[in-house]
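S.K.: pasting the sequence and the predicted coordinates here, then a few questions.
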Amino acid sequence: MDPAQVAVFIPIVALCIPISAIITAHLREMARIKVRGASGLSNEVRAELNEMKSQLAALRDTTTKFDMTFDAALERLEQRVDRIEERQASASPFRASAAAEPDLLTLGGRTGA
C-alpha cells in the first residue's frame, strides 16, 4: 500500500470508531426500550389502573342515576306547571284570552316598533 493511501485511511478509521460506538449505543438503547415495553407494566401499576377503571365505572353509574333522577323530577315539575296553568285557564277565561293577545301599546302611547 502506498503511504498516501495509508495517510487517507488513518483519519477515516479514526472517525469510524466513534461513529460505530454511537450507532451501537443507540441500538442497545432501542433494544432496552423494546424489552421494557414487551415486559409490560409492573403489578402495582396494573393494580392501580384496574382500581381506577372500577372507580370510573362506579362514577359513570352514579352520574347516570343522578341524571335519570333529575330528568324524572323535571318531568314531574313540568306536569305540575301544566296542571296549574290548565286550572288557571279554566277558572278565568277572560285572563287566558287577554294574556294570549299581544299588547299593542307601548310607553308613550305609540304602537308597534
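M.R.: Arrived safely, thanks for sending.
S.K.: and Phe70, what element?
M.R.: Phe70 is part of helix 43-91, with elements assigned from DSSP states H and E.
S.K.: for that helix, the distance to its chain's centre please.
M.R.: For helix 43-91, the separation from the chain centroid amounts to 20 Å (computed by C-alpha atoms, centre = their mean, to the nearest Å).
S.K.: and it, what does it pack onto?
M.R.: Contact partners of helix 43-91 among helices and strands, from 3 or more C-beta pairs under 8 Å, 6 or more residues apart in numbering; DSSP states H and E: helix 93-100. No exception for glycine: its C-beta is placed from N, CA and C like everyone else's.
S.K.: the helix it packs on - what's its average pLDDT?
M.R.: What helix 93-100 shows for mean pLDDT is 54.
S.K.: swap in stretch 75-90?
M.R.: Stretch 75-90 comes out at a mean pLDDT of 92.
S.K.: where does the chain dip in pLDDT?
M.R.: 38-41, 93-113 (pLDDT under 70).
S.K.: how does it divide into domains?
M.R.: 9-40, 43-92 (automatic domain parsing).
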